[in-house]
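J.: Let me see the structure of the following:
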Amino acid sequence: MRKLPRVVAHRGASEVDPEHTLAAYQRAIEIGADGLECDVRLTADGHLVCVHDRRIDRTSNGRGVLSTMSLEELESYDWGSWKRPWADLDEEAELPGLDVRKVLTLDRLLATVRDAGRPVELAIETKHPTRYAGLVERRLIEALDRYGWARPKLGTESPVRVMSFSWLSLRRMRTAAPGLRTVLLMDRIPLRFRDGSLPTGVSYAGPSLEIVTAHPEYVDRAHKHGHQVHVWTVNAEEDVRRCREIGVDVVISDRPDVALRVLAEPPEQVGRRS
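T.: This next block holds a predicted model:
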């Protein structure tokens with residue numbers, strides 16, 4: 001019998017809480033997600049922060065390109081109110097705390113994983129292209145080293161894996177920290193890797209939901225080459241069931257609570273829905 005897919009919270013429990021906020025990650029841990037996912041970008045003064053977009057306009061009340069700003073400047077903006085823009089008009093609504101409004105540093109997220117009270121995986125995506133090129137990877141390894149997670153001891157695994165659409169980024173990580181697992185994200189599969197193989201040194205395949213929906217046989221092909229398959233972004237209940245049926249190893253979801261509930265369904269119930 002196949003193992004159930006593990007559930008990774010995409011930018012935290014981001015359907016409910018503002019993405020990449022501490023509140024979103026704390027909620028994901030509380031509901032039982034197996035892991036967390038985040039994107040990292042480098043500030044002008046060398047700090048890694050958990051933000052997806054190149055510009056800060058969509059997820060904060062500031063404007064501009066993140067890489068040109070210092071951490072202090074980013075901390076002056078509100079990173080949560082965009083999720084509930086009319087909350088200030090609701091007299092009964094609680095005012096959002098700093099866990100919802102403050103930009104989240106990678107270091108704070110690493111500490112949250114360390115202190116979770118149970119094993120929690122962390123999938124970190126490096127964003128490219130960027131003006132800082134290989135500096136992002138160097139700063140990431142330095143941050144992981146502070147927690148003993150960049151170079152796991154023989155016979156152990158780091159709770160962290162690094163993901164990217166950029167093979168160059170993953171190659172930098174492999175060169176500097178060969179013990180870390182890596183995931184090659186793909187919105188299409190290059191012809192030479194359609195047999196389930198991956199570039200040398202890449203641990204896991206990270207195809208989009210669209211890929212495995214159109215080509216479910218890819219999952220078995222990757223498994224035959226010894227690679228897990230981590231699929232993004234799986235939000236609909238039927239898509240979670242489908243990932244379970246075809247043997248996906250990890251589902252990355254904005255709705256980790258829904259994914260966990262669906263995966264807890266008895267197999268016979270899943271079969272009746274098919």
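
J.: tell me the centre residue of this structure?
T.: By Cα atoms, centre = their mean, the mean C-alpha position of the chain lies nearest to Glu37, the distance being 2.0 Å.

J.: Just grab the bridge partners of that one for me.
T.: Under DSSP bridges, the beta-bridge partners of Glu37 are His10, Ala123.

J.: Hmm, it is touching Glu125, no?
T.: Yes. In this structure Glu37 lies within contact range of Glu125 using Cβ atoms under 8 Å: 7.0 Å. C-beta: built from backbone N, CA, C; applies to glycine.

J.: Now for the two: what residues contact both?
T.: Between them, Glu37 and Glu125 share these contacting residues under Cβ atoms under 8 Å, 6 or more residues apart in numbering: Met163.

J.: just to revisit the earlier point, what pLDDT does the residue nearest to the centre of the chain get?
T.: In the predicted model, Glu37 carries a pLDDT score of 98.

J.: What residues does it make contact with?
T.: Glu37 makes contacts with 8-11, 122-125, 163, 252, as judged by Cβ under 8 Å, 6+ apart.

J.: State the distance from it to Ile141.
T.: Separation of Glu37 from Ile141 (Cβ to Cβ, to the nearest Å): 19 Å.

J.: cool, Gly201 as well?
T.: 15 Å.

J.: Of those two, which one has the most company?
T.: Ile141 (18 against 14; other Cβ atoms under 10 Å).

J.: So that one is in contact with Ala150, correct?
T.: Yes. Using Cβ under 8 Å, Ile141 is in contact with Ala150, at 4.9 Å.

J.: chain center to stretch 224-244: distance?
T.: Relative to the centre of its chain, stretch 224-244 is centred 14 Å away, using Cα atoms, centre = their mean, to the nearest Å.
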